[in-house]
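1. sharing a model that was predicted from the sequence below.
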Amino acid sequence: MEWHDEGFVIAARPHGEGAAVIQLLTREHGRHAGLVHGGSSRSKRATVELGNLVDAVWRARLSEHLGRLTVEPSRHYAAQIMDDPARLAALSAACALTETVIPEREPYPGLFEATGALFDVLTNGDAEIWPAVYIQWEMGLLRELGFGLDLQACVATGVTTNLVYVSPRTGGAVSLEAGKPFADKMLVLPRFLQPDGRGDGAGTADFGAGLRLTGHFLARHAFDPLDRPLPLARSRLESLIVGNSTEAQKGVSQS
């Protein structure tokens, strides 16, 4: 059996003497693993770096076999952001999340396109833009898994304005008036995700709120059933972007 496809390297682990087992997020074949001969060697290590876009050929005698991958680099994303720890952490987090929660060998063309768009922004986007794009990518991942958030109207009253909270139980937006009595139990809805809000001027507090929002539902719906925590790369990303800031919670409590 054989197929040709393009894919992003989302994991690479040494195997035997000089080989590596890599995981790809491919356009047509979903998350797919294969053995790359020489993948751990100095000459090929740069090709199988996390986040790289590669042209891949997979061959195996039977479809259920691990198979062998031949890969040629198409674009080196990680190399372009090596000097930016936060952007590199975002790339690593996206790869780690995808490897863990996306079923193997099921195509997710929407996720493939969204990942390419994310990596383009990580390498070229402004500091004021890329964290919001990353959070939108995680929301898209939740939708692909069947756990999309409903942020268009208040789940309690139906109003579509002044939505500043998200219910940690239902994933639905909650207005300031309806949610204020339970503010200490609510998740904050950042401005750039509010239907009537704007992304302009979003900063650390908004990005921190967004990461806590998507992280809560990724943990609850994707990682808790696997009895696993969120990947360390994801925790590192949040730490790099927001540190110990509590501005998001303060901003809503003062509204």
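-> Yep, that arrived. Numbering: from 1, shown residues only.

2. how many neighbours does Pro85 have?
-> Neighbourhood size, Pro85 [other Cβ atoms under 10 Å]: 12. In this view, the C-beta of every residue, glycine as well, is placed from N, C-alpha and C.

3. okay, now the unreliable bits of this structure?
-> Within the chain, the ranges that satisfy pLDDT under 70 run 197-201, 244-255.

4. what about Glu106, which SS state?
-> At Glu106 the chain is in coil, as set by DSSP: H, G, I helix; E, B strand; the rest coil.

5. quick one: residues contacting it.
-> Contacts of Glu106 were listed using Cβ atoms under 8 Å, 6 or more residues apart in numbering, and they are 30-31.

6. go again using 7 Å as the cut-off
-> Going by Cβ atoms under 7 Å, 6 or more residues apart in numbering, Glu106 touches Gly30.

7. separation between it and Leu25?
-> As judged by Cβ to Cβ, to the nearest Å, Glu106 and Leu25 stand 11 Å apart.

8. in this protein, which strand is the longest?
-> strand 2-15 (DSSP state E).

9. could you say what helices and strands that one packs with?
-> With contacts defined as 3 or more Cβ pairs under 7 Å, 6 or more residues apart in numbering; DSSP states H and E, strand 2-15 has these neighbours: strand 19-26, strand 53-59, helix 85-101.

10. list the buried residues in that strand.
-> Neighbour-count burial for strand 2-15 flags 5-12, 15 (criterion: 16 or more other Cβ atoms under 10 Å).

11. which of the helices and strands packed on strand 2-15 sits closest to Met139?
-> Met139 lies closest, by Cβ to Cβ, to one member of those: helix 85-101, at 12.1 Å.

12. quick one: contacts of the closest one?
-> 10-11, 23, 25, 31, 50-51, 77-78, 81-82, 115, 118-119, 122, 130, 134, 137, 141, 145, 218, 222, 231, 233-234, 236-237, 240-241.

13. that one vs strand 2-15, what angle?
-> Orientation check (axes from the mean of the first three to the mean of the last three Cα atoms, to 10 degrees): helix 85-101 against strand 2-15 gives 110 degrees.

14. for helix 85-101, what is the distance to the chain centroid?
-> Computed by Cα atoms, centre = their mean, to the nearest Å, the separation of helix 85-101 from the middle of its chain amounts to 6 Å.

15. offset the numbering so it begins at 807, please.
-> Happy to do that; since the first residue is 807 now, the last one works out to helix 891-907.

16. next secondary structure after it?
-> helix 915-930 (DSSP states H and E).

17. buried ones in that following helix?
-> Applying 16+ other Cβ under 10 Å to helix 915-930 flags 917-918, 920-922, 924-925, 927-929 as buried.

18. and it with strand 808-821, angle?
-> Between the axes of helix 915-930 and strand 808-821, defined by the same axes, to 10 degrees, the angle is 60 degrees.

19. between strand 825-832 and helix 915-930, find me the angle.
-> Going by the same axes, to 10 degrees, helix 915-930 makes 110 degrees with strand 825-832.

20. which elements pack onto helix 915-930?
-> Judged by 3+ Cβ pairs under 7 Å, 6+ apart, helix 915-930 is in contact with helix 891-907, helix 936-950.

21. so it versus helix 936-950, what angle?
-> 170 degrees.

22. let's see helix 915-930 as CSV, backbone CA atoms only.
-> This file holds the C-alpha atoms of helix 915-930, laid out as CSV (Å, rounded to 0.1, in the frame of the first residue of the first chain):
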residue,chain,number,x,y,z
PRO,A,915,-9.2,18.8,6.5
GLY,A,916,-10.5,21.8,8.4
LEU,A,917,-8.1,21.2,11.2
PHE,A,918,-5.2,20.8,8.7
GLU,A,919,-6.1,24.2,7.0
ALA,A,920,-6.5,25.9,10.4
THR,A,921,-3.1,24.6,11.6
GLY,A,922,-1.4,25.9,8.5
ALA,A,923,-3.0,29.3,9.0
LEU,A,924,-1.9,29.3,12.7
PHE,A,925,1.7,28.4,11.8
ASP,A,926,1.7,31.2,9.2
VAL,A,927,0.6,33.7,11.8
LEU,A,928,3.1,32.4,14.3
THR,A,929,5.9,33.0,11.9
ASN,A,930,4.6,36.3,10.4
